[in-house]
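Peer 1: Sequence first, then the predicted structure, then my questions.
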Amino acid sequence: MKPNLSVKIGKLDLKNPVMVASGTFGYAEEFKDFFDLKKLGAIVTKTITIRPRQGNLPPRTCETPAGMLNSIGLENPGVDKFIEEKIPFLKKLGIPVIVSIAAEEGPEEFIVLVKQLDKISEISAIELNISCPNLQKNKLISQDAQSTFALVSAVRQLTEKTLITKLSPNVTSISEIALAAQNAGSDAVALINTLTGMSIDVHKRIPKIASWVGGLSGPAIRPVAVKMVWETYNKIKIPIIGMGGIMDIESALEFFIAGSTAISVGTANFINPGISLEIISGLKAYMEDNDIQNLSDITGKLKACKD
Amino acid sequence: MKPNLSVKIGKLDLKNPVMVASGTFGYAEEFKDFFDLKKLGAIVTKTITIRPRQGNLPPRTCETPAGMLNSIGLENPGVDKFIEEKIPFLKKLGIPVIVSIAAEEGPEEFIVLVKQLDKISEISAIELNISCPNLQKNKLISQDAQSTFALVSAVRQLTEKTLITKLSPNVTSISEIALAAQNAGSDAVALINTLTGMSIDVHKRIPKIASWVGGLSGPAIRPVAVKMVWETYNKIKIPIIGMGGIMDIESALEFFIAGSTAISVGTANFINPGISLEIISGLKAYMEDNDIQNLSDITGKLKACKD
Amino acid sequence: MKNFQLKAKILSQTKIKDNYWYCELSALQAAKIAQPGQFINIRVNDNFDPLLRRPISIHGVSGEKIKIFYCVVGRATEILAQRKKGEYLDIIGPLGNGFNYRGGAKSKEQTILVAGGMGVAPLVFLAQKIIASKTLVLIGAKTKKQILCAEEFKKLGCQVKFSTDDGSLGFSGKITDLLKTVLTQGISSRIFACGPAPMLKAVTRIACENNIDSQLSLEEHMACGIGACLGCVVSTKSGYKRVCKDGPVFSGRELIW
Amino acid sequence: MKNFQLKAKILSQTKIKDNYWYCELSALQAAKIAQPGQFINIRVNDNFDPLLRRPISIHGVSGEKIKIFYCVVGRATEILAQRKKGEYLDIIGPLGNGFNYRGGAKSKEQTILVAGGMGVAPLVFLAQKIIASKTLVLIGAKTKKQILCAEEFKKLGCQVKFSTDDGSLGFSGKITDLLKTVLTQGISSRIFACGPAPMLKAVTRIACENNIDSQLSLEEHMACGIGACLGCVVSTKSGYKRVCKDGPVFSGRELIW
Ligand SMILES: Cc1cc2nc3c(=O)[nH]c(=O)nc-3n(C[C@H](O)[C@H](O)[C@H](O)COP(=O)(O)OP(=O)(O)OC[C@H]3O[C@@H](n4cnc5c(N)ncnc54)[C@H](O)[C@@H]3O)c2cc1C
Ligand SMILES: Cc1cc2nc3c(=O)[nH]c(=O)nc-3n(C[C@H](O)[C@H](O)[C@H](O)COP(=O)(O)OP(=O)(O)OC[C@H]3O[C@@H](n4cnc5c(N)ncnc54)[C@H](O)[C@@H]3O)c2cc1C
Ligand SMILES: Cc1cc2nc3c(=O)[nH]c(=O)nc-3n(C[C@H](O)[C@H](O)[C@H](O)COP(=O)(O)O)c2cc1C
Ligand SMILES: Cc1cc2nc3c(=O)[nH]c(=O)nc-3n(C[C@H](O)[C@H](O)[C@H](O)COP(=O)(O)O)c2cc1C
Ligand code: FES
Ligand code: FES
């Protein structure tokens, strides 16, 4: 019995459920020395905006216990240059390309971006990053169910491409927001984006990253992410792309068992650039060892503890 | 110049700002072999309820990267036995005793508890634990500003003792909740309680703790806690008791600089039972080295990064 | 009894076989008062991953020395095994309530120790404290290779019997079936056992059926190890009790399995 | 240029003095193509605390060997120093763009290397690649004890001058003031510098005022080290650039300090 690793996210057929998380894999080129990128289930690009963005002042990253803070501030070349310079390389890989997009000022920018990207056949799906903690806003779209519903509904009308909504963990109830995204027609939800956090240099009495507050990622946040996936899995019907501190096959499996249809590897790419492949083969081995034919046989199949 | 470590929380005068967090120090007796308890700024007891509680099924704890999950489920002997059996030992220490209380079913239980504790002179202050993630409720009081306001207002009328409201980080905006507590007459806020989290045994496909979901604590959550303290410090006027992953003098200082008037040591007690004393002497040394006379000279004194 | 937090120097660190390590620590204050069944809680390094201490039974004591015997099963025990002679380990101990072995056995009655897998660790220390000639030790494992500490028990003068799941040494089958057989053959007054939970459960039942006292050393995941967090509880007839403080040794009569 | 992720065997690990360590790694593929100014990104252990790799300059290369020279300043470098000969380190490299040292110096002109503190690390490797007889090395530190690698540079045939803040060796004062003096004395065509940011900033200005090319090796906190996260940027005339991928060596002309 050969385990079947393929999964479906909206209209997307993935040969395996292992993708790389937005912002942690650049536009893929930086990783080409480390493994055969064609083996990935899909690539999610660094979030792009309409105009080019310089991003935030450095220092932009610091380490925290089993985690890191970042405040890149969505540095990106802007959509036009992205299409011109980055799509050709991505196209050659022949695997699904999911383009993450965000608005700098108002939600109408999503409309402009989706209209433009909808025409590009090399793009397989669009991820709506409504959860970036590094744009100095009072409240994120994904911190409010109604705003999430409104945004996703508006975008849904503009494209037939698979739409993924990326959610913020900095909320009272992430499953309510996920439900709003589902009801508005999102094909899937991706969670979690980073937790907002801060770290202080106590000798200089300044924040360790220039923008004061940044996004916490890495193994430290994994229990929070797994819990949010599980909570959301029990509330919605569309697929979940799970992420947050996946470092190895074991932590990847936690996300499947908690209810993820696919997973994204984020911070782990920095520590072990070839980790996605290790997870894909680990997944095969786990399925073989446990006589599992399809991934759906473990998705959300968490049982109660008992003796 | 001898640094002055004393701080004021409501009516409470603490000789130093280092306390121990509820639930991580039992009722103090367990720590008597490790250091002279009299040196602590204050002790916060394990949360008690009206009736004795058995707590949740084991396993109740597991380790996570730089953190741990717990789901004790507020095991406690109930208020009467607490008064009878635990107060005598605490009294002998001669340091402020802050009693943490919670309701099992409805907020009216807080009223009953506060009325009873108000009469006991050995109790210096009451901490309202409206943020325990381990009582299977849909929504915590501290996840809603109005409910927080209502509860604190009701309790405020019943006691002159210092009231501390303990807040949950599992919210969209903790500073809004803190503001509600302040407006309702709380003398201080304590933050953060644990983040909800979950960890899975992927071989057995069961959660690692029997109650599925637990509270995440330890250094992993520190950046989240520091950020919440800073955000809250900028919104309210009453003192903040900061906690979440304090492991050593450096991490304690982060909390003061972010805006805490006092701090609580939690999970670190398990790893290094004498850590509170180390923090107290570290604080003295830091103040001496930096020519700081009063703690208020660093509280919230975070400056912008620049070259 | 008092607990100490100590920087204990590693006096020796030896691989016994496979993943099994034997280690001696210098920890005078703790060694002086340690009792069989008690444990120490070890911080394996200074980082926050792994975060928590790890409980390891006291395998023996001599002079200033505390001896431990452990198996590398995960990250913390792996790091522990890499720590070298001469380095210092941060330990807390001796923790918990050990075996209640005093008094006990009447003239003709024997004491039985039942050790499953790593369960031998605290029982060697116990065997040193009781009258060896009247002690029968049952050691069980999956296979012969995994039988541990047989020589130690023999040297102390105990009678030793084995059980292996695959029959490669001694009784073929479960250690608890061996125990049943043994109980039909002689007069036994008490059983001390340490090993996996299902084994301990079966031992409790067997002891109960034979109307013999049993004392079981339990394991639960521990956060504090000193009774403060209420994390490590087991069900007893008087409610939940803490393995780290009220145990790790419990009487078969009080446990609810 | 290609990057490799390798398990590099530790061939030697030597404490030079105080907190300074010299270490040789077996990393053939990386050694073969390494250039002065490039670095390797090291994972110091298998745990998640510390989580990130640590960038360390390539201090030299010979055959299969990559040499590094580092100072213990925090947790990761402390763990690194504890790693023993014979063990394996997970490294990625050679990373970044090194010094552009080819061509350059005309017949009578000399090349100046300015090394502040640990800044000596990559410059020793650079000195091996350029014509030593025409190279002047300025080494600065707070005090004589902290002057590093002087012998290495001398052995290569470079002329070496010192500056110390307390005057305990060579020029008394800042290395950048020494640089100014030196520039008035001979004809210099180019400056390569590595050290603390304020020093590099001053070197850039001095080079600019004297109309000399300068190349500076910068440091920024790195998360990925391979150009993917956009974490390690510095301001240049053409916008932010990544220290790890576009640098760590930048021309004084492009930097905005
Ligand atoms: C009272 C007591 C005495 C013990 N004595 C010995 C002994 O003498 N020799 C020996 O080899 N082992 C002993 N153990 C077991 C030992 O504590 C675990 O094997 C060790 O904690 C595993 O840590 P790890 O990081 O290597 O493995 P992990 O990968 O963390 O886990 C492996 C297993 O160990 C358990 N475990 C992990 N952390 C703890 C903890 N903090 N408390 C309790 N269990 C935990 C896990 O639940 C899991 O089943 C004892 C346990 C207890 C409770
Ligand atoms: C391109 C480059 C080359 C370097 N070459 C050398 C060298 O040859 N020898 C040497 O001794 N040091 C070198 N360093 C510095 C070295 O990387 C740091 O000293 C090391 O990362 C400190 O780690 P730590 O955990 O010991 O200290 P920490 O306690 O983490 O921090 C101490 C200091 O190191 C900085 N630092 C920590 N982590 C990183 C990181 N991931 N990236 C960059 N800086 C960090 C911190 O900002 C802090 O200022 C180099 C740095 C860079 C960027
Ligand atoms: C340096 C860095 C940059 C990131 N940039 C983006 C981004 O541009 N868009 C986005 O949706 N998420 C971004 N993220 C969040 C990740 O995609 C992911 O949601 C998060 O890091 C949690 O996963 P992890 O713990 O595995 O890293 C970024 C994360 C990091 C660490
Ligand atoms: C085992 C355990 C039990 C706890 N019990 C309580 C409790 O009874 N009441 C309460 O308000 N907080 C309780 N907490 C939360 C702590 O008081 C503290 O808010 C939290 O752990 C964060 O701090 P830390 O990271 O320093 O542990 C508990 C935490 C732990 C780890
Ligand atoms: S481990 Fe904390 S009470 Fe036992
Ligand atoms: S460290 Fe990630 S881009 Fe340089």
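Peer 2: Happy to help now that I have it. Residues are numbered from 1 along each chain as shown, chains lettered A, B, ... in the order given. Ligands and ions are numbered 1, 2, ... in the order given.

Peer 1: how much space is there between the nearest residue to residue A:187 once chain neighbours are set aside and ligand 5?
Peer 2: Among residues not flanking residue A:187 along the chain, residue A:10 sits closest, at 2.9 Å (Cβ to Cβ, 6 or more residues apart in numbering or on different chains). Any C-beta I mention is one placed from the backbone N, CA and C, and that applies to glycine too. From residue A:10 across to ligand 5, the span is 47 Å (Cβ to the nearest ligand atom, to the nearest Å).

Peer 1: Equivalent analysis for residue A:63, please.
Peer 2: For residue A:63, the distance to ligand 5 equals 29 Å [Cβ to the nearest ligand atom].

Peer 1: Could I get the contacting residues of that residue?
Peer 2: D:50, D:51, D:52 (Cβ atoms under 8 Å, 6 or more residues apart in numbering or on different chains).

Peer 1: so what pLDDT did it get?
Peer 2: pLDDT, residue A:63: 98.

Peer 1: Return the backbone torsion pair for it.
Peer 2: With angles defined as degrees, to the nearest 10, residue A:63 sits at phi -90, psi 150.

Peer 1: List the beta-bridge partners for it.
Peer 2: Going by DSSP bridges, residue A:63 is paired in beta bridges with residue A:68.

Peer 1: Show residues contacting the host helix or strand of residue C:181.
Peer 2: Assigned by DSSP states H and E, residue C:181 belongs to helix C:175-185. Helix C:175-185 has contacts (Cβ under 8 Å, 6+ apart) with C:112, C:114, C:116, C:136, C:138-140, C:161, C:163, C:170-171, C:188, C:191, C:195, C:199, C:202-203, C:206, C:210, C:212.

Peer 1: about what we covered before: and the contacts of residue A:63 near ligand 2, which?
Peer 2: Contacts with ligand 2 within the contacts of residue A:63, counted by Cβ under 6 Å from any ligand atom: D:50, D:52.

Peer 1: Quick one: buried ones out of the contacts of residue A:63?
Peer 2: D:50, D:51, D:52 (16 or more other Cβ atoms under 10 Å in any protein chain shown).

Peer 1: show me what contacts the first one?
Peer 2: Spelled out, it's residue D:50. Neighbours of residue D:50 in contact, by Cβ under 8 Å, 6+ apart: A:63, C:47, D:44, D:75, D:76, D:79.

Peer 1: circling back: now, the buried ones among the contacts of residue A:63 that are in strands?
Peer 2: Using DSSP state E to define strands, no part of the buried ones among the contacts of residue A:63 is located there.

Peer 1: picking that back up, check which residues of the helix holding residue C:181 are buried.
Peer 2: Neighbour-count burial for helix C:175-185 [16+ other Cβ under 10 Å]: C:175, C:176, C:178, C:179, C:182, C:183.

Peer 1: Relative to ligand 2, which of these is nearest.
Peer 2: Lowest distance from ligand 2 to these (Cβ to the nearest ligand atom) belongs to residue C:175, with 48.3 Å.

Peer 1: Can you name the residue of chain C nearest ligand 1?
Peer 2: For chain C, Cβ to the nearest ligand atom, closest residue to ligand 1: residue C:74, 2.1 Å.

Peer 1: quick one, phi/psi of residue C:14?
Peer 2: Per degrees, to the nearest 10, the backbone of residue C:14 is at phi -130, psi 130.

Peer 1: Could you do residue A:13 as well?
Peer 2: Dihedral angles (degrees, to the nearest 10) for residue A:13: phi -100, psi 120.

Peer 1: Now do the helices in the stretch 201-307 of chain A.
Peer 2: Along the stretch 201-307 of chain A, counting by DSSP state H, counting those that start in this stretch, helices occupy A:222-233, A:249-258, A:268-271, A:275-289.

Peer 1: Show me what the first one is packed up against.
Peer 2: The one in question is helix A:222-233. If you count contacts as 3 or more Cβ pairs under 8 Å, 6 or more residues apart in numbering or on different chains; DSSP states H and E, helix A:222-233 packs onto helix A:174-183, strand A:188-191, strand A:240-242, helix A:249-258, strand B:195-197.

Peer 1: Go through those and name the closest to chain C.
Peer 2: helix A:249-258 (11.3 Å; Cβ to the nearest Cβ).

Peer 1: now check that closest one, is it near chain B?
Peer 2: Yes. Residues of helix A:249-258 contacting chain B under Cβ under 8 Å from any Cβ of the partner chain: A:250, A:253, A:254, A:257, A:258.

Peer 1: Please check those and keep the buried ones.
Peer 2: Buried, going by 16+ other Cβ under 10 Å: A:253, A:254, A:257, A:258, out of these.

Peer 1: Just flag the most distant two among these.
Peer 2: A:253 and A:258 (9.4 Å; Cβ to Cβ).

Peer 1: check contacts around the residue nearest to residue A:187.
Peer 2: Residue A:10 sits in contact with A:125, A:162, A:163, A:164, A:187, A:188, A:239, where contact means Cβ under 8 Å, 6+ apart.

Peer 1: so which of these would you say is closest to ligand 6?
Peer 2: Checking the contacts of residue A:10 one by one against ligand 6 (Cβ to the nearest ligand atom), the nearest turns out to be residue A:164, at 24.4 Å.

Peer 1: so what's the closest one up against?
Peer 2: Residues in contact with residue A:164 (Cβ under 8 Å, 6+ apart) are A:9-10, A:98, A:125-128, A:186-190, A:241.

Peer 1: can you give me the offset of the helix or strand harbouring it from its chain's centre?
Peer 2: Counting by DSSP H and E, the element that carries residue A:164 is strand A:162-166. Remark: strand A:162-166 is offset 10 Å from the chain centroid, using Cα atoms, centre = their mean, to the nearest Å.

Peer 1: now stretch A:197-209
Peer 2: The answer for stretch A:197-209 is 27 Å, by Cα atoms, centre = their mean.

Peer 1: any residues touching it, and which ones?
Peer 2: A:59-62, A:64, A:67, A:69-71, A:212-216, B:222-224, B:226-227, B:230, B:250, B:253-254, B:257-258, B:286, B:298, B:301-305.

Peer 1: Tell me the helix or strand right after the helix holding residue C:181.
Peer 2: Following helix C:175-185 in sequence, per DSSP H and E, is strand C:188-194.

Peer 1: For the helix or strand following that following strand, C-alpha coordinates in CSV please.
Peer 2: Per DSSP H and E, the first helix or strand lying C-terminal to strand C:188-194 is helix C:197-209. Presented in CSV, the C-alpha positions along helix C:197-209 are these (Å, rounded to 0.1, in the frame of the first residue of the first chain):
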residue,chain,number,x,y,z
ALA,C,197,1.5,1.5,35.0
PRO,C,198,-0.3,-1.6,33.6
MET,C,199,2.2,-3.9,35.5
LEU,C,200,1.6,-2.0,38.7
LYS,C,201,-2.1,-2.2,38.3
ALA,C,202,-1.9,-5.9,37.9
VAL,C,203,0.5,-6.3,40.8
THR,C,204,-2.0,-4.3,43.0
ARG,C,205,-4.8,-6.6,42.0
ILE,C,206,-2.8,-9.8,42.6
ALA,C,207,-1.5,-8.6,46.0
CYS,C,208,-5.1,-7.7,47.0
GLU,C,209,-6.4,-11.1,45.9
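
Peer 1: Good, we can wrap up now.
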